[in-house]
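Visitor: pasting the structure only:
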């Protein structure tokens, strides 16, 4: 299976990146503010409905195109790329699990028509960062539900048009028996309980909120959240996040390469000191890219079989893409910093990579690598790893 | 000699950390609704391999295969042959 571009989404994203996101990236980072200009441009070009089927008004593009858009945006502004990634993770859950439900189909039509931005509320105070457990529970009375959640993180919560929320199925359900429910802005109230003043990814505005919502019970996804998590969220989050991180590292390396080339042109005949390190960094970057592409191909293949999507081997493979890439990008950007030296360390030079490095440090901890490896280590007690070369 | 499903119930009782008594479960009750988590599913699989001296093939290592006493009994019977 090979992945090729089928729409002009990547070109649109690249133009938004260069013309809009790049211009505001420093102020988004400095002021820790939502990248409103870039998100407005994304909506204008209708990229929020990229994955929504054509019959519901979207572009019906394959998942890998969203990955390419994430990468293109992140090269200019990592926060913008990550917001787009998080939106598409929710959208792909809707596309995979909402098509049988009339309410969710109509919701997808609304997303396409109105270019609604989706956020999610999966983390909760008291569950220790494990999104497969909830304390809060949906309370259903007749055909209506109510739900209150102490969500320690809702990225761009204030700026979203709808939120997908996880909760226990009912007040008597165990912590692990969860559902997911979609709520629109007119159906929820957010009371801020936490701020977002961080090392990097400052534009995602991932503040904490008490979320209070109510609506028709048909907005609860028909499938248990455990299946949604395994069949679409695990892969879509790891693959779109890693596409963003690859984009950050790729831009840092472009800066380092421009620096080395400028040095080389000044002194033809004597290779610049950073040239060797650049070659090493580019080999690492290629490994990251290969890892992401292999993950995207594996996902495309697995989507043809529910058994494969739910298999332990697939979960371990996706976990590995996330852990590998999140570690490698920091190392790669660090090489870029060493290559560019003081020009890379200073802000506001053409070779600055400080923001890249700070943004990339989020990778290992958005779902902590230790938690992910812990999860894989449990699976590998029973799942025997694949020793073949070709799939 | 006790039946496969009785032995499955006994393994569930010891290893699945359910919120109810495994002995009282009906064959088709949803184990995930009584607290079987993804972590304890793996511990359950290991305990079943030990109890029945089997190796569960990778293609059966999925959520559906372990969703009820009946499903687990079916897995064990299939592997034991």
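Guide: Good, I have the coordinates. Not measured: the values here are computed from a predicted model.
Visitor: Dead centre of chain B: give me the residue that sits there.
Guide: In chain B, the residue lying closest to the centroid (C-alpha atoms, centre = their mean) is residue B:72, at 4.5 Å.
Visitor: starting at the chain centroid, how far to stretch A:153-169?
Guide: Centre-to-centre, stretch A:153-169 and its host chain are 14 Å apart (C-alpha atoms, centre = their mean, to the nearest Å).
Visitor: quick one: buried residues of it?
Guide: The neighbour-count check on stretch A:153-169 (16 or more other C-beta atoms under 10 Å in any protein chain shown) flags A:153-157, A:160-169 as buried. C-beta here means a position set from N, CA and C on the backbone, and glycine is covered the same way.
Visitor: Distance-wise, check the residue of chain B found nearest chain A relative to residue A:227.
Guide: Across chain B, the shortest distance to chain A (C-beta to the nearest C-beta) belongs to residue B:35, at 3.7 Å. Note on residue B:35: its distance to residue A:227, by C-beta to C-beta, to the nearest Å, is 17 Å.
Visitor: neighbours of the residue of chain B closest to chain A, just the number please.
Guide: 17 (other C-beta atoms under 10 Å in any protein chain shown).
Visitor: Could you check how far it is from residue A:136?
Guide: Distance from residue B:35 to residue A:136, by C-beta to C-beta: 17 Å.
Visitor: related to what we said a few turns ago, so which strand or helix has the residue nearest to the centre of chain B?
Guide: helix B:69-80 (DSSP states H and E).
Visitor: Check what pLDDT the residue nearest to the centre of chain B gets.
Guide: Model confidence at residue B:72, given as pLDDT, is 95.
Visitor: Give me the distance from the helix or strand that contains residue A:91 to the chain's centre.
Guide: Using DSSP H and E, residue A:91 sits in helix A:78-97. Chain-centre distance of helix A:78-97: 6 Å, with C-alpha atoms, centre = their mean.
Visitor: Going by contacts, tell me the helices and strands next to that helix.
Guide: helix A:22-31, helix A:36-44, helix A:63-74, helix A:102-114, strand A:118-121, helix A:225-228, helix A:234-266, helix A:354-360 (3 or more C-beta pairs under 8 Å, 6 or more residues apart in numbering or on different chains; DSSP states H and E).
Visitor: between those, which gets nearest to chain B?
Guide: Going by C-beta to the nearest C-beta, the one of the helices and strands packed on helix A:78-97 nearest chain B is helix A:225-228, 6.4 Å.
Visitor: Least confident of the helices and strands packed on helix A:78-97, on average?
Guide: helix A:225-228 - the lowest mean pLDDT of the helices and strands packed on helix A:78-97, at a mean of 92.
Visitor: now the angle between helix B:69-80 and the lengthiest helix in chain B, please.
Guide: In chain B, assigned by DSSP state H, the helix with the most residues is helix B:38-52. Here the directions of helix B:38-52 and helix B:69-80 differ by 50 degrees (axes from the mean of the first three to the mean of the last three C-alpha atoms, to 10 degrees).
Visitor: so what does helix B:38-52 touch, helix or strand wise?
Guide: Counting contacts by 3+ C-beta pairs under 8 Å, 6+ apart, helix B:38-52 packs against helix A:369-379, helix B:4-15, helix B:69-80.
Visitor: Sort out which residues of stretch A:194-213 are buried, please.
Guide: A:196, A:200-209, A:211, A:213.
Visitor: Next: stretch A:284-298.
Guide: Quick answer for stretch A:284-298 (16+ other C-beta under 10 Å): A:284, A:285, A:288, A:289, A:291, A:292, A:293, A:295, A:296, A:298.
Visitor: Residue A:234: which of these is nearest?
Guide: residue A:295 (11.1 Å; C-beta to C-beta).
Visitor: which residue sits closest to the closest one, ignoring its sequence neighbours?
Guide: In this structure, residue A:295 finds its nearest non-sequential neighbour in residue A:321, 4.0 Å apart by C-beta to C-beta, 6 or more residues apart in numbering or on different chains.
Visitor: wait, the one you found sits on residue A:293?
Guide: No - counting by C-beta atoms under 8 Å, residue A:293 is not a contact partner of residue A:321; they are 9.9 Å apart.
Visitor: Tell me which residue in chain A sits closest to chain B.
Guide: Closest point on chain A to chain B, by C-beta to the nearest C-beta, is residue A:174, at 3.7 Å.
Visitor: ok, and the closest non-adjacent residue to that residue?
Guide: Going by C-beta to C-beta, 6+ apart, residue A:174 has residue B:35 as its nearest residue, at 3.7 Å.
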